[in-house]
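Q: prediction below, plus the sequence it came from.
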Amino acid sequence: MPSRGGALLAANHDSSLDPALLALASERPIRFLARAELWLPGIRRLLDALGGIPVRRGRVDRSALRRAMRALESGELVAIFPQGTTLGFKKREYQGGAARLALATGAPLVPVRLVGTADAFRVFPPRVGFPKLRVLVGEPIHVARQRPTRALVDELTRRLEREIASLG
C-alpha cells in the first residue's frame, strides 16, 4: 500500500470482515466509504470517529463523493468496495464509483484482493470458519486528473476488475 499521499484502495468484497482486514493490513489510517444504512443509533459515533464516509446507495451520492475527494486531495487513504455488497443474492457487478473518484482527483487507484474472507465470515448465507486470510495489493493504476465521462469510468472500472482478479 502507498506509504504516503492520497490513494484510493479498491478491493473485492466477499465478507463483512473485509474492512477490518484491509485496515489491519495498512500501516496508515484508512477512510472507508460504506452504505449509509450502517449509520444506526449506537454505532453512528463510532463510524464517524473511525473516519467512515456514508454513501446513499441507488444513486450518485455527490456529498459522499465530495468528502472522499477532499480526503484524497489532503493525502489520505480512502477505501471503496466497487462490488458494493457482500450479499450473495444480489448481482455483484463492479460499480463505477472508484473509477469516478480516481479520475476526478488524479489519485492512484490501488487494486486489492482479499482472499479467504468469505470462508471466514458471511452473514448470508450464514458461515463462520478459520481459513488462511490474505491481502494481495497490486500495482497502483495511475490516472490523469480529468472529467470522469461515462466511457472513461467504464473503461477504468473494467481494468480495475481485471487487475483485482489477476491478483490471485
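A: Ah, there it is. Residues are numbered from 1 along each chain as shown.

Q: for the rest of this, base every contact and every neighbour count on C-alpha atoms.
A: Noted.

Q: count the residues that sit near the closest residue in space to Thr105 that isn't next to it in sequence.
A: Nearest residue to Thr105 in three dimensions, chain neighbours excluded: Arg145, at 5.4 Å (C-alpha to C-alpha, 6 or more residues apart in numbering). Arg145 has 14 neighbouring residues, counting by other C-alpha atoms under 10 Å.

Q: same check on Met1?
A: Neighbours of Met1 using other C-alpha under 10 Å come to 19.

Q: how far out from the middle of the chain is the host helix or strand of Asp48?
A: Per DSSP states H and E: Asp48 is located in helix 44-49. Distance of helix 44-49 from the chain centroid (C-alpha atoms, centre = their mean, to the nearest Å) equals 18 Å.

Q: can you pull the buried residues of that helix?
A: Leu47 (16 or more other C-alpha atoms under 10 Å).

Q: can you give the contact residues for it?
A: For helix 44-49, the surrounding residues in contact (C-alpha atoms under 8 Å, 6 or more residues apart in numbering) are 38-39.

Q: restricting to C-alpha, output that helix in CSV.
A: Provided in CSV are the C-alpha atoms of helix 44-49 (Å, rounded to 0.1, in the frame of the first residue of the first chain):
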residue,chain,number,x,y,z
ARG,A,44,-23.0,6.2,14.3
ARG,A,45,-20.5,7.9,16.5
LEU,A,46,-18.0,5.0,16.2
LEU,A,47,-18.3,5.0,12.4
ASP,A,48,-17.7,8.8,12.3
ALA,A,49,-14.8,8.5,14.7
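
Q: rounded mean pLDDT for it, please.
A: In this model, helix 44-49 has an average pLDDT of 86.

Q: then the residue nearest to Thr105 would be within a helix, right?
A: No - per DSSP: H, G, I helix; E, B strand; the rest coil, Arg145 lies outside any helix segment and is coil.

Q: now do the contacts for it.
A: By C-alpha under 8 Å, 6+ apart, the neighbours of Arg145 are 102-107.

Q: for Glu73, state which of the residues you listed is nearest.
A: Thr105 (6.9 Å; C-alpha to C-alpha).

Q: how much space between Arg147 and Ile141?
A: 17 Å (C-alpha to C-alpha, to the nearest Å).
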